[in-house]
Every structure is written in structure tokens, then in C-alpha cells.
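K.L.:
Could you look at this predicted model? Sequence included:
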Amino acid sequence: MHRIIFTLLTTIFLSLSAVVQVQATSSVTAYLFYGNGCPHCAKERDFLKKLDEKYPQLEVKEYEIYYNQKNNALLQKVATELKTEVGGVPFLVIGDKSYIGFAEGITSQEVESRIKECSDSACADSVASIVGQQVNPEAKPSVSPEPEKTEQLKTPVNTKTISVPIFGTVDTSKLSLPVLTFVLAFLDGFNPCAMWTLLFLISLLLGMKDRKRMWALGIAFIVSSAGVYFLFLSAWLNLFLFLGFIVWVRLLIGVVSLGAGAHYLRDYWVNKRGGCGVMGDEKRQRIFLKLQGITQKRQFLLALGGIILLAVAVNMVELICSAGLPAIYTQVLSLSNLPSWQYYLYLGLYILVFMLDDLFIFFTAMITLQAVGVQSKYSRYSHLIGGFLMLIIGLLLIFKPEWLMFG
Amino acid sequence: MKVLKFGAVWCNGCLVMRPRFAEIEKGNPWLKTEYFDFDKDKEMVNKYGIDSGVLPVFVFLDKNEQEILRLSGEVEKKDLIREINTNKDK
């Protein structure tokens, strides 16, 4: 009897310990999508190497996506499967939970606890079937029917701080993108010669007796112009977010940036006296006649609608001629790992700076009832600074894109 | 000597030069000037060949209405005064 009981207990104990052992050593696969040259990716790869040594059950599979189109396509499939958006790399998936970006102390802790979690109780691994690997039959699906949410970085990586008098401690990694936005938008927008439509409109508005109508039509023109430019920038940004991982796109924009830099520096050198070129007579006269007709309409709403339509039409034509800087800026922006709302906030800042000279000219004229101009020598200096900046950005896009990844 | 000024309401440089020239005229009451709008005064624009290059344009004429000097773009006040004084008696 004792022998039977002993045998039974031994069997139960051994079975239990076998179960515990199976649970403790569930294999975990981490899928890391990274780009060569991306600094955050390099940090995450180092981190995962250490974890690989620490946890024998962990297997890390790496996929380079900047230069490997197959891996890039694989990443898109994984994102579709997990119902998440890939805003950038590194993009790590462990047991159907994805992590975009890498911040030491934040992502690292989350990743390690996820590995422990999946080691203790095997996690569902949808990516395995996509990459053609056998799925762990013991894997349990996620508790929630919805896919696990993507973990985004909450703080920037590589925090670099400098002490600045009055402002105190400034985080340069946070400062770089706003400064770049300001400089590029200023360079793009500060072109007094391109303000001919607004200046003509102001000359018409100043002849009006109704000051409310004068303000309303002028503001409608400026806001519509800004709106068109915002949509234009958004289109560029979304194109680069979609294509951004393709290396030749980055190289192409790098070359465009070098060309733009050379153009601005040449303009600084050649156009020493300033002044505005006399543009096509017919085109100008056509727009001016339309503007005259619109502003003289008796019904205010008709005039307002007309001015908005004209602003859209005029700016659409201008945009085609000046696609270079917006393309360069949105390419750099797309390299930064930011949440969607921040991308659009930066576009908003760009538009505001872009419109500064128009706003100055408009408000000064409306308040003083006198048309004023902006000295184009300032435009020359902005071309000098901007030209060098464009050359630097071009070289970085081609040779050191990681230096332009701010997020 | 007389200076013909060619400009336009839509030209930023012309707006910059307007107060600058007004100051010069105020300081030199003897100076004769005439303003021509690029869009409205087509006869003068064509006569002086202003339809190419940049605006504003300043054409200096002597007593016989012959052109002696032409400046264009945003010209510094001191440069304008220097040219005016140089050509004052022509």
C-alpha cells in the first residue's frame, strides 16, 4: 500500500514539475525590424543581444529594412496583421505586442518584462506564420480580442542637455527639430518677390471704405493660402512616411537638397541688389483683373468665396514651382520618430513661420492704411544661411541620415 | 536733371523704395521726379524699355531729356544721393 501511495505521489510530483518546467522555458521569439545607420536601432540591437545571453529561451530575429525591400514588405505585412501603424524603426514585436522606437530605461524595461511574461505563459505569435516559422502549439492567444497596443516612446532617446543663460537647461534633442523647422520655413517663406498677389490685393483693399470687409477679405486670402500650403506639406509628409524606408528616396531628396543649397548660394551671390523680376504680363494681368472683380462684388459672401478660390488657385500654381524645400523638410520630419499629432504640429509651426512676412505686410498695411515692403537684403541673408543649411542637410541625408533623426 | 521712377503696386522693392525716395525728395526740393505705374503707363514703360529685368527702375534724364543713368532694384539711400549729386548740373 505504502509503495502504491509513494509511486502515485512521485508520479504526480514529476508530472507537476514537468508542467512547471515547460511553462518556465517557453520559447520566446523577438522580431526586430531595424535600419542600418539608425542610432536607436543600434541601441536596441545591443540591448537585445544582452537579453539573448540572459534568457536562453529567447530567440531574436532581425530584419534590416532600409536596404532590404523584402524585409520592408514583411514589416508592412506584420503591421497589417497586428493592426498597427509603423511610424518608424526600430520596430520590435514580441508575442503580438509591438514597440516602436527605443528608449533606455523605458522600452528596455517593458521589453524585458514582456519576455518574462511570454516565458511564463507562452504568448500568441502571429508573426511566426508570416515569416514562415512554426507556430508554438502551446501559445495562448492574447486575452483581449483587440490586438495588443503598440508601445510608443514617451521620452526621446539620448537626452542631451546644455545650460543656457536665462533659459536654464535645454534639451538639444528636443530643440533641434523646432530650430530646423523655423529656419527652413523662414527660408521657404521669406521671399518678398513672391508676395505680388498679396501686395496687389492690399492695394485694392486699401481703397475700400468698409474696413470690416477689408480685414475679412485679406484674412480669408491669407488663411486660404496657409491652408493650401498645409495640405501640400501633409501630402509630402504622408508620401515620405509611406515611402520613407526606401533608401533611394532619401538619396534623391539628399541630391535635391544639395541642388537647392547651390541655388540659394548662387542667388545670394548673383542678386546683390535685390528687386523683383518683372513676371509674365498676361498671367499677372489675368489674376489682377479677377482680384479686382472679386473685391468689387457687392455681395460679401460672393466676394469671400471668390477670394478663397483665387487664393487656392494662385497658391496651387506657386506650389508646383517651389516644391523643393517642403519636400526636403517633410523628408527630414518623416525620419524622426514622432506621434502623428506632433508631425502635424510641426507642419503648423512651419506654416506659421512661412507666413510671417505675409502677416507682417498685411497687418502693417491694414493698421497704418499704407502699403509697406520688406527689404530684400534680409531675404539675401536668409538665402546665404539657408544655402549652407541645405548643403549640410543634403550631405547628411546621403551619408549620415541618423544625424537627422530627432525623435 | 530729372528722375523717372517706374514701379508697381505689387512690387515689394517698389514699396521699399517709396519712403526712401520720398525722404530724398524732401531733402532736395529742387529735384524733379515723375512716377509711372508699370501696369498703367504702358506708353512710358515701352518708351524706356522697362518690360524686362527688375522693378523698380530709376531713369536719370539730363536737361535735354536724354538718359544719363539708370538704376534698378532696391538702391541704398546713400548711393541714390551720391548719383543725384554727381548728375545734379547735367
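P.N.:
Yep, that arrived.
K.L.:
Excluding chain neighbours, give the residue nearest to the residue nearest to the spatial centre of chain B in space.
P.N.:
The C-alpha lying nearest the average C-alpha coordinate of chain B belongs to residue B:58 (CA atoms, centre = their mean; 2.5 Å). Counting by CB to CB, 6 or more residues apart in numbering or on different chains, residue B:58 lies nearest to residue B:71, which is 4.5 Å off, once chain neighbours are set aside. Using the backbone N, CA and C atoms, a C-beta is placed for each residue, glycine as well.
K.L.:
Contact partners for that neighbour?
P.N.:
With contacts defined as CB atoms under 8 Å, 6 or more residues apart in numbering or on different chains, residue B:71 is in contact with B:57, B:58, B:60, B:79, B:80, B:83.
K.L.:
just checking, the fifth one touches residue B:20?
P.N.:
Yes. Contact status for residue B:80 versus residue B:20: in contact at 7.4 Å, counting by CB atoms under 8 Å.
K.L.:
between those two, which one's more packed in?
P.N.:
When residue B:80 and residue B:20 are compared for neighbours, residue B:80 comes out ahead with 18 against 14, by other CB atoms under 10 Å in any protein chain shown.
K.L.:
What sits closest to the more buried one if chain neighbours are left out?
P.N.:
Once flanking residues are discounted, residue B:80 sits nearest to residue B:24: 5.9 Å by CB to CB, 6+ apart.
K.L.:
Would you mind measuring from the one you found to chain A?
P.N.:
17 Å (CB to the nearest CB, to the nearest Å).
K.L.:
and that residue, how many neighbours does it have?
P.N.:
17.
K.L.:
what's the distance between it and residue B:30?
P.N.:
Residue B:24 is 11 Å from residue B:30, where distance means CB to CB, to the nearest Å.
K.L.:
Now do the same contact list for the residue nearest to the centre of chain B.
P.N.:
Contacts of residue B:58 by CB under 8 Å, 6+ apart are B:3, B:4, B:5, B:6, B:70, B:71, B:72, B:75, B:80.
K.L.:
any weak-confidence spans in the stretch 51-200 of chain A?
P.N.:
A:87, A:133-175, A:192-193 (pLDDT under 70).
K.L.:
Likewise for chain B?
P.N.:
B:52-53.
K.L.:
For it, what lies in contact range of chain A?
P.N.:
B:9-18, B:38-39, B:50-56, B:72-75 (CB under 8 Å from any CB of the partner chain).
K.L.:
neighbouring contacts of stretch A:74-81?
P.N.:
Outside stretch A:74-81, the residues touching it (CB under 8 Å, 6+ apart) are A:31, A:33, A:63, A:65, A:85-86, A:91, A:93, A:98, A:126-127, A:130-131, A:245.
K.L.:
would you list every one of the strands in the stretch 51-200 of chain A?
P.N.:
With strands called from DSSP state E, counting those that start in this stretch, the stretch 51-200 of chain A shows them at A:58-64, A:91-94, A:97-100, A:161-164, A:168-171.
K.L.:
Just list what the first one packs against, helices and strands only.
P.N.:
The reference is to strand A:58-64. strand A:28-34, helix A:39-54, helix A:69-82 (3 or more CB pairs under 8 Å, 6 or more residues apart in numbering or on different chains; DSSP states H and E).
K.L.:
Just the pLDDT for residue A:49.
P.N.:
For residue A:49, the model assigns a pLDDT of 91.
K.L.:
and the gap between it and residue A:405?
P.N.:
Counting by CB to CB, the gap from residue A:49 to residue A:405 is 21 Å.
K.L.:
One more: residue A:124?
P.N.:
32 Å.
K.L.:
Could you do residue A:120 as well?
P.N.:
From residue A:120 to residue A:405 the distance is 35 Å (CB to CB).
K.L.:
which of the two has more neighbours?
P.N.:
Shown here are residue A:120 and residue A:405; by other CB under 10 Å, residue A:405 has more neighbours (21 against 12).
K.L.:
what sits against the more buried one?
P.N.:
So residue A:405 contacts A:38, A:39, A:40, A:335, A:336, A:337 (CB under 8 Å, 6+ apart).
K.L.:
Out of those, who's the most crowded?
P.N.:
residue A:40 (26 neighbours).
K.L.:
Would you enumerate the residues in contact with it?
P.N.:
A:89, A:90, A:101, A:102, A:157, A:337, A:405.
K.L.:
Next up, the contacts around the nearest residue to it once chain neighbours are set aside.
P.N.:
Computed as CB to CB, 6+ apart, the closest residue to residue A:40 that is not its neighbour in sequence is residue A:102, at 4.7 Å. Neighbouring residues of residue A:102 by CB under 8 Å, 6+ apart: A:40, A:41, A:43, A:44, A:47, A:90, A:92, A:108, A:153, A:157.
K.L.:
again, only this time at 7 Å
P.N.:
A:40, A:43, A:44, A:90, A:157 (CB atoms under 7 Å, 6 or more residues apart in numbering or on different chains).
K.L.:
and what of residue A:312?
P.N.:
Counting by CB under 7 Å, 6+ apart, residue A:312 has contacts A:224, A:228.
K.L.:
so what pLDDT did it get?
P.N.:
Model confidence at residue A:312 (pLDDT) stands at 87.
K.L.:
CA atoms of the helix or strand harbouring it as PDB?
P.N.:
Here residue A:312, judged by DSSP states H and E, is contained in helix A:300-321. Written as PDB, here are the backbone C-alpha positions of helix A:300-321 (Å, rounded to 0.1, in the frame of the first residue of the first chain):
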ATOM      1  CA  PHE A 300     -19.900  90.000 -49.300                       C
ATOM      2  CA  LEU A 301     -20.200  86.200 -49.400                       C
ATOM      3  CA  LEU A 302     -19.600  86.100 -53.100                       C
ATOM      4  CA  ALA A 303     -16.500  88.200 -52.700                       C
ATOM      5  CA  LEU A 304     -15.300  86.000 -49.800                       C
ATOM      6  CA  GLY A 305     -15.900  82.800 -51.800                       C
ATOM      7  CA  GLY A 306     -14.200  84.300 -54.800                       C
ATOM      8  CA  ILE A 307     -11.100  85.400 -52.800                       C
ATOM      9  CA  ILE A 308     -10.800  81.900 -51.200                       C
ATOM     10  CA  LEU A 309     -11.000  80.200 -54.600                       C
ATOM     11  CA  LEU A 310      -8.500  82.600 -56.100                       C
ATOM     12  CA  ALA A 311      -6.100  82.100 -53.200                       C
ATOM     13  CA  VAL A 312      -6.300  78.300 -53.700                       C
ATOM     14  CA  ALA A 313      -5.700  78.600 -57.400                       C
ATOM     15  CA  VAL A 314      -2.800  81.100 -57.200                       C
ATOM     16  CA  ASN A 315      -1.100  79.100 -54.500                       C
ATOM     17  CA  MET A 316      -1.500  75.800 -56.300                       C
ATOM     18  CA  VAL A 317       0.500  77.200 -59.200                       C
ATOM     19  CA  GLU A 318       3.100  78.600 -56.900                       C
ATOM     20  CA  LEU A 319       3.500  75.300 -55.100                       C
ATOM     21  CA  ILE A 320       4.500  73.400 -58.200                       C
ATOM     22  CA  CYS A 321       7.300  75.900 -58.700                       C
END
